[in-house]
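Engineer: need a structure here:
(chains A and B)
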Amino acid sequence: MEGSQWPYENRSGQVQSMEADVLVLGGGVAGCMAAYSAARQGKKVLLVEKGAAKRSGAGGSGCDHWESAATNPCSTVSPEELLKAMMDDNDGYNNAISHYIECREGWDALLDIERMGGKIRDTEDEFKGAAFRDDETKLMFAYDYKSRITLRIWGTTFKPAMEAACRKAGVQVVDRVMATSLLTEDGRAGARCIGATGVHTRTGEFYVFRAKAVIMAMSRPARVWLFSSGHPGLCEFRPLQCAGDGHAMGWRAGAEFNMMEKSVRAEFSAAGRSFPPYSTGNNHNTWYAASLIDATGREIPYADRDGRILKDVASRYQPVEGQDFFLKGGAITQAKYEIEGPETLPYEELQKQGYKLPFYADLSNLPELERKVIWGMMVGQEGKTQVPVYRHFTEAGFDPERHVLQCYGVGWTSAEFLPQERQLFGLPGGFMNDWDLMTNLPGLFVAGDALFASDCYGHAAATGSYAGRKAAAYAGKQAAFIEPCGDQIEQEKRRVYAPLTADPAQGASWKELNEAIAKAMQNYCGEQKRDELLLSGVELLERYEREIVPKAYAANPHELTRLLEVFDILTVAQVILQACLARRQSCGKLEFVRSDGDGAEPAPFICIRQEGGKVFRREVPLDYAGDVKANYEKHNRDYIEEKGAAV
Amino acid sequence: MNGFRFRQTPPAAPIRFDEEKCVNCGRCMEACMIDVMLPGDKHPVAAYPDECWYCGCCVMECPTGAIRLHHPLMNQTRWVEKASLLKNNKE
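Structural biologist: Numbers count the residues shown, from 1 in each chain, chains lettered A, B, ... in the order given. So this is what the prediction gives:
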């Protein structure tokens, strides 16, 4: 391959102009649902995706469970109760609006996906009679079998069905185009959003999109602290192309961000310390509630929240007496007592009792349908597990009735990372939103992982549908398209194309720059924050921006895409440093430690944005969403009436 | 000629094609969200293997079962017969 001719046509410098009522940026779960929902409102919709919408995004290859479906017919928990638990669990540092939408409309979104052709029920009666199955609706549940708010789903069927439904609904899907910037009225930061630019990842052609409303659905940043030039695709939990382009574009356009100072000690990086998710023995998420045994085959006990040892497998799926429900899954790492579920004893206790490493996940002693639903359905439908885990392990002879799968480390993440190895995970920061999921830029809506405190498939799908509806309504009120500012487009073209004509002998590659950013962030924005360190980081990244970025080199449009991603990662790293500087006190739920804190109470939400290179900060009360039920109903009268009529 | 040749040392080889089975339809390449592959004469070529996320979508799209996804050796995890652990316990 080395030195080969590029197989695609070179169209760099050529411009393709397109327009639509609603422009959706990002063709993952949130983007597809947004596009579909806007198209159903009768709007002309463009969906722009860097990869291929059929399988793109963190949920493209699959998903095994759908959280917070509080309105499904079997749920015993109301959306308000569930949202309250999610907020309390994070001391309020969570997105009440987007998660209420998830709790309230997640089930509606799932029914839409079923109508598109996704499989959400055990229609073949494979699991008939199982404790986790409702035999009337054929829905299957995970974790807490009493409250029935988390569904088991056949997620490998979802993304192709969504993409086909979008096309059928008239959405124009533009694959292999990376969105690079947001266009604003008169080219001003903070002004109304009127479109976007993009570049084709194979031909280098430049795109100008004009729209009456724009939906940002471009995932969340990654590779800010973690990088491996040998295995860049394995650096993070989410796919390589989910790099934070949306956040960077938003920041440059003057959008406001919340909670960007939050990062957690890394949990997943199969390029480094951990293993591919769900390919090792564990008893969380996909693998809940597998039995664990130690190196001598001795079973590790499960206990309830009060430390009482559970007597049987069935109790692992039940809340304790007096508890309405327990929560597990994406947003829950250290559950508070009220919602804490069964768990194997902590490692320190096991060590005292003489349990020996390594541990193994053992499905052999589970009731048959519990074993079958973990090995086969969950491992098989979860993203990245069908081929490399379920199929390959089975071909190599793994038999869950006979074999046990090794756990690595003592926790469920399969590795212990260093304090400075950080990740945007577990409800990270993102775009600030109002009740319409609109940002501070009029006309710019947000969905999925681009939102602050996002997580999981159901959240992405529900907020996608909702943003699609709201953007369609907004677009309906705009009389005409606004002509984008020529200077803004020309400036962006120069920025995007510069690496193709840089000197290969002098210019850094995307890998060299990404690795430098990650190292800088580990050094200056690790677990312990203090002003001197953060300011040194700001200085270094500004130097990269000034000296390295203008000379960076890309040999072809594919490399250019990777390099533009790293430019975006550089912007995001700068946003994170600014957000860290803006917060003066440690804050437990933001996993934010200030070693030079001023001792005052932690501030509520701190939102930041930039204008003309100057950073503006404001504090927002943690309860800014107000009474969620009342506000939701006030903002969604049409939707509630439509749903009521449908029933 | 001494028989040696230069190549870039690969840290892993995630995607392997069975040339007998591949019909070069390109579906794998078109489904890849990262665009790891480029068109090739006999089959698509994994031009950017290091960028692979190991999601397996290329395999899921393949109509003839011609692709093998291969995790790097360091990420191939271990399992054992449960009986072998119990045997150790008795000794």
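
Engineer: go through the helix or strand bottoming out on mean pLDDT in chain B and flag the buried ones.
Structural biologist: Lowest mean confidence among the helices and strands of chain B (mean pLDDT, DSSP states H and E): helix B:82-90, at a mean of 84. Within helix B:82-90, the residues scored as buried using 16 or more other Cβ atoms under 10 Å in any protein chain shown are B:82, B:85. Where C-beta positions appear, they are placed from N, C-alpha and C, glycine not excepted.

Engineer: likewise stretch A:183-194?
Structural biologist: Under 16+ other Cβ under 10 Å, the buried positions of stretch A:183-194 are A:183-185, A:187, A:189-194.

Engineer: can you tell me the centre-most residue of chain A?
Structural biologist: The residue lying closest to the centre of chain A (Cα atoms, centre = their mean) is A:Asp449, at 3.9 Å.

Engineer: next, the contact list for that residue, please.
Structural biologist: Shown in contact with A:Asp449 (Cβ atoms under 8 Å, 6 or more residues apart in numbering or on different chains): A:28, A:30, A:58, A:219-220, A:238, A:242, A:430, A:455, A:460.

Engineer: export those to CSV and tack on secondary structure?
Structural biologist: What follows is these, written out as CSV (DSSP: H, G, I helix; E, B strand; the rest coil):
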residue, secondary structure
A:Gly28, coil
A:Ala30, helix
A:Ala58, coil
A:Ser219, coil
A:Arg220, coil
A:Arg238, coil
A:Cys242, coil
A:Gly430, strand
A:Asp455, coil
A:Ala460, helix
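
Engineer: now the residues you listed: which count as buried?
Structural biologist: A:28, A:30, A:58, A:219-220, A:238, A:242, A:430, A:455, A:460.

Engineer: now the residues you listed as JSON lines including pLDDT?
Structural biologist: As requested, those are exported to JSON lines (pLDDT from 0 to 100):
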{"residue": "A:Gly28", "pLDDT": "98"}
{"residue": "A:Ala30", "pLDDT": "98"}
{"residue": "A:Ala58", "pLDDT": "95"}
{"residue": "A:Ser219", "pLDDT": "97"}
{"residue": "A:Arg220", "pLDDT": "97"}
{"residue": "A:Arg238", "pLDDT": "93"}
{"residue": "A:Cys242", "pLDDT": "97"}
{"residue": "A:Gly430", "pLDDT": "98"}
{"residue": "A:Asp455", "pLDDT": "91"}
{"residue": "A:Ala460", "pLDDT": "98"}
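
Engineer: and whichever residue of the stretch 101-250 of chain A sits closest to chain B, how many residues sit next to it?
Structural biologist: Residue nearest to chain B within the stretch 101-250 of chain A: A:Gly230 (3.9 Å; Cβ to the nearest Cβ). Using other Cβ atoms under 10 Å in any protein chain shown, A:Gly230 has 13 other residues around it.

Engineer: which residue sits closest to it, ignoring its sequence neighbours?
Structural biologist: B:Pro11 (3.9 Å; Cβ to Cβ, 6 or more residues apart in numbering or on different chains).

Engineer: give me the neighbour count for the one you found.
Structural biologist: 14.

Engineer: before we move on, what about the one 4 residues further on?
Structural biologist: Burial of B:Ile15, expressed as a neighbour count using other Cβ under 10 Å, amounts to 22.

Engineer: A helix includes the residue nearest to the centre of chain A, no?
Structural biologist: Yes: A:Asp449 forms part of a helix when assessed by three-state DSSP.

Engineer: where does A:Asp112 fall, phi/psi-wise?
Structural biologist: Dihedral pair for A:Asp112: phi -60, psi -40, per degrees, to the nearest 10.

Engineer: for it, give me the pLDDT.
Structural biologist: What the model reports as pLDDT for A:Asp112 is 98.

Engineer: what does B:Met1 give?
Structural biologist: pLDDT recorded at B:Met1 is 67.

Engineer: swap in A:Ser414?
Structural biologist: 78.

Engineer: state the helix or strand in which the closest residue to chain B within the stretch 501-647 of chain A lies.
Structural biologist: The minimum distance from the stretch 501-647 of chain A to chain B, using Cβ to the nearest Cβ, falls at A:His558 (6.2 Å). Applying DSSP states H and E as the criterion places A:His558 in helix A:557-582.

Engineer: who touches the following helix or strand past that helix?
Structural biologist: On the C-terminal side of helix A:557-582, the closest following helix or strand by DSSP H and E is strand A:593-594. By Cβ under 8 Å, 6+ apart, the residues outside strand A:593-594 that reach it are A:527-530, A:583-586.

Engineer: do stretch A:631-647 as well
Structural biologist: A:100-101, A:104, A:108, A:435-436, A:469, A:625.

Engineer: if we go to 10 Å?
Structural biologist: Applying Cβ atoms under 10 Å, 6 or more residues apart in numbering or on different chains, the contact partners of stretch A:631-647 are A:71, A:79-80, A:83, A:96-97, A:100-101, A:103-105, A:108, A:434-437, A:465-466, A:469-470, A:473, A:625-627.

Engineer: so where is the chain shaky, pLDDT-wise?
Structural biologist: Here I'm looking at chain A. Scanning chain A for pLDDT under 70 picks out A:1-2, A:330-333, A:411-413, A:646-647.

Engineer: wrong one, I was asking about chain B
Structural biologist: B:1, B:89-91.

Engineer: could you redo the last one with a cut-off of 90?
Structural biologist: Across chain B, the ranges flagged by pLDDT under 90 are B:1-2, B:7-8, B:87-91.

Engineer: can you give me the helices for it?
Structural biologist: Here chain B has its helices, by DSSP state H, at B:27-31, B:57-61, B:82-90.

Engineer: tabulate those (TSV), appending distance to A:Lys493.
Structural biologist: Shown next, in TSV, are those (distance: least, Cβ to Cβ, whole Å):
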stretch	distance to A:Lys493
helix B:27-31	27
helix B:57-61	32
helix B:82-90	62
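
Engineer: turn those helices into TSV, columns for distance to chain A.
Structural biologist: Putting these into TSV (distance: least, Cβ to the nearest Cβ, whole Å) gives the following:
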stretch	distance to chain A
helix B:27-31	5
helix B:57-61	4
helix B:82-90	4
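
Engineer: can you tell which of those is closest to A:Pro346?
Structural biologist: Smallest distance to A:Pro346 across the helices of chain B (Cβ to Cβ): 22.1 Å, for helix B:82-90.

Engineer: show me how far that closest one is from its chain's centre.
Structural biologist: For helix B:82-90, the separation from the chain centroid amounts to 34 Å (computed by Cα atoms, centre = their mean, to the nearest Å).

Engineer: quick one: the strands in the stretch 51-200 of chain A, in order.
Structural biologist: Secondary structure of the stretch 51-200 of chain A (DSSP state E, counting those that start in this stretch): strands at A:65-66, A:133-134, A:139-140, A:151-152, A:172-174, A:177-184, A:193-200.

Engineer: just checking, what packs against the fourth one?
Structural biologist: This means strand A:151-152. Applying 3 or more Cβ pairs under 10 Å, 6 or more residues apart in numbering or on different chains; DSSP states H and E, one finds that strand A:151-152 makes contact with strand A:65-66, helix A:96-116, strand A:139-140.

Engineer: buried deepest among those, which one?
Structural biologist: Burial of these is given as mean neighbour count (mean count of other Cβ atoms under 10 Å in any protein chain shown); strand A:65-66 ranks first at a mean of 28.

Engineer: work out the sheet partners of that strand and label each with its direction, please.
Structural biologist: Counting by DSSP bridges, the strands paired with strand A:65-66 are strand A:151-152 (antiparallel).

Engineer: helix, strand, or coil at A:Arg202?
Structural biologist: Using three-state DSSP, the structure places A:Arg202 in coil.
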